[in-house]
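>>> Okay, structure incoming, though there's no sequence with it:
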């Protein structure tokens, strides 16, 4: 909504202003403030109004008229709505710089909030929300409370927005005054606009407090919102649809019901309403079974509104196309019959043309490829050079994507080469090289045509592509040596890309025709090793030289090895990032194709969204049986490149028990778990009377067992020898468990760079141990790494040390030390880590999961009585129980193994042949986790109970237990 001084002056025409407003903006003489002061205090209403208009005009052009604050505020006492609006506008602008004076206006606000005219009541409450002065806010609570329950819906809807503004100024005040509950009640209001504004206000507040659960959406609330949806204004509809998109239906029936009621919004005239409706439908479709008739109907209904958006002005078309690009990647079947609407028009701006081109490739299939190729061939004759290049590349992408069309694509590219247009020829040669890589030994008949255009190539990429083709198929080209020799004449003037390709091509030629090309290969090796100052070129030259001179057979196996086929590269967005972007359709995120966290700055949290699980997927979150046995899951973790509020209840709790003074009082009842009183009468007696006089109690945690007094080595009464980790087989730890390396970033997703890795904790330092492998044809350099915000603040402790260039087919081992001082954001799952790796080719993104045992610190051994008191103090609801299956370790061996990963055994006791280990561990952020591990001799299934004030970590801790004990 547009607002401001100029708009208010424009509004004056509604109130019968006889002159134009331009006169208020003319420069006046010196002494202006003094004159205005006199006019503001005039008895004549008209003169007073004219003076206020002049003040607002001066304020609008940037003059400081704050000296007139008391005089303008005095004009508030008026029945004239126009004058009141102007004074309120002035007040909003200067209240912050004059907080003491602004208090003068409080009485008028209170009075105006009880005015019989609803417009004045709404104006007063709106202005109150815009005055960001702490001294005033407490006085405004009572008027706001009345306005929230006003009989007039216009006042109520204005008051609803005011709550969000007040929350931004003083969140605690709003919560204490109960305004949030009143706001929730307004969702049930009879007026749809009040409902829409209440939803908008709650959504705004929830954004800055992601964990607050303000919008407690349930079927009843959703029904009220859907009812209001049909009757409120277009912006109200957008607020409600955005709110609906955050709801997860209970089942596919509810999902279908919501979709049916949202579908009519697709025919709305406002494009923002249409995109918001598409967002809701795209999300809820995930829960519909694909064999459902309604699913097919919904797919058909989604296409027409999206097509209609493409008839708007170019800027709107571009936004629509960026959103369609995402939709097509997620569900190509929606637009599969609409290829023609993406055909480029002659008068489309270049940004629309390029976006349409991208969508055409994504929709290309065997059914429509003839149509697409005819269109692309036409585009290649356009005058816009950038567009023509993209069109030629698109033909190559079609050949790689639709195998049946490859021959037709090659034929089209040859036709384009015959045009002899320089940049068209060069682009065509680059894409034909890719086609050769995809379909080896199939289209080599075109090489002769390519060689005819050798002299016209002047761009490095095209020259390198042509050299690669000549080297790769040297045995089929009679004059291959002459062709390559012609490039060699200006070797030092060529770009590095061409030099490297030329060196490899001549070595290939030599291995295929050794007798004819010996002189040529010596010449290029000499140029590369002796005359060049490029280290990459020199290194490759020396490698070839030594290979050829020591073992020509090995050289042949290396240089002429069979290459992997290239896959279709249509720049698809990473699936989990795509899921999040689908949840942000109709926002800037969908235009940038980046998650909000990538471009929204400031302290406000950005909630990360995901699509719900597919219908019938039957995913179980908490079942230990379905949990991966490895510390790092094999399934790709969710990438939620989103950042949000700090982890509040999980990461900012100070859970470290104090070492000084007595332990916290224990509740009277014992801890009941699994029908057995674990601590009542059991450890109580062991840790209480018999050990009461021991001097070590309360001496602090983390002390090594050797430092304990000798009295502890004596048997404890009750016959339980070595109760507290003083022998009994619990000896030296075995060393921290580190999971085996797994592939984090496949080469096909990173232009040839493959990264596999694991995490390890060595001497108290967390390390990310990676193997970088170059499976591309070019050298990789300039490596750097960055982490997204994550649950425990993991960040690199230094740069990624790759000291030498990474040549093709070379691997290098890298250990990156990590610290936990980075920015924090709760991830899903909790141990998810999103990583960006950069090199000279591009930036690549992947995500992996680290075993939470990497975060267990060395001083995680809790003092015994504190362990008992803390166990009792943590609520029963925070306790989780899991089964570890097929584990064949004795209790001592298990304790020993776990201690290597900083899981410390505090006490051990045996009850009815069952060993019970009581253990503690401490995370890097100070969170303590307490465990009871029950091991029955001869039974391969262990039971583990975990207690922690931050219950979210229990699942990850269990996974670490399982990984450590089983490996």
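Sure thing, it's come through. Given the structure is predicted, the values throughout are model-derived calculations rather than measurements.
>>> does residue 786 count as helix, strand or coil?
Recorded secondary structure, residue 786: strand (DSSP: H, G, I helix; E, B strand; the rest coil).
>>> what are the phi and psi values for the spatially closest residue to it that is not a sequence neighbour?
Among residues not flanking residue 786 along the chain, residue 836 sits closest, at 4.8 Å (CB to CB, 6 or more residues apart in numbering). C-beta here means a position set from N, CA and C on the backbone, and glycine is covered the same way. When read as degrees, to the nearest 10, the backbone of residue 836 gives phi -120, psi 130.
>>> for residue 934, same thing?
According to degrees, to the nearest 10, residue 934 has phi -110, psi 120.
>>> just to revisit the earlier point, for beta bridges, what are the partners of the residue nearest to residue 786?
Taking DSSP bridges as the rule, residue 836 bridges to residue 786, residue 845.
>>> Tell me how many other residues crowd it.
Residue 836 sits with 14 neighbouring residues when counted by other CB atoms under 10 Å.
>>> wait, isn't it in contact with residue 800?
No. Assessed by CB atoms under 8 Å, residue 836 is found out of contact with residue 800, at 11.1 Å.
>>> okay, and the common contacts of those two?
Residues touching both residue 836 and residue 800 (CB atoms under 8 Å, 6 or more residues apart in numbering) are residue 785.
>>> Can you classify the residue nearest to residue 106 when sequence neighbours are not counted by secondary structure?
Here the nearest residue to residue 106 in space, its sequence neighbours aside, is residue 139; by CB to CB, 6+ apart that works out to 4.6 Å. State at residue 139, reduced to three classes by three-state DSSP: helix.
>>> How is the protein partitioned into domains?
Following the TED database, one gets these domains for the chain: 5-248, 364-457, 459-550, 742-850, 855-966.
>>> Residue 287: which of those is closest?
For those, proximity to residue 287 was assessed by CB to CB; domain 5-248 is nearest, at 8.3 Å.
>>> quick one, what contacts the residue nearest to residue 106?
Here residue 139 is in contact with 103, 106, 109-110 (criterion: CB under 8 Å, 6+ apart).
>>> Ok, residue 802 next?
If you count contacts by CB under 8 Å, 6+ apart, then residue 802 has 772, 781, 783, 812, 814 around it.
>>> Then residue 184?
Residues near residue 184 by CB under 8 Å, 6+ apart: 198, 202, 214, 216.
>>> can you pull the buried residues of the one helix or strand it maps to?
Counting by DSSP states H and E, the element that carries residue 184 is helix 179-185. Neighbour counts using 16 or more other CB atoms under 10 Å place 179-180, 182-183 of helix 179-185 among the buried residues.
>>> would you turn the domains of the chain into JSON lines with mean pLDDT?
As requested, the domains of the chain are exported to JSON lines (pLDDT from 0 to 100):
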{"stretch": "domain 5-248", "mean pLDDT": "79"}
{"stretch": "domain 364-457", "mean pLDDT": "87"}
{"stretch": "domain 459-550", "mean pLDDT": "89"}
{"stretch": "domain 742-850", "mean pLDDT": "90"}
{"stretch": "domain 855-966", "mean pLDDT": "88"}
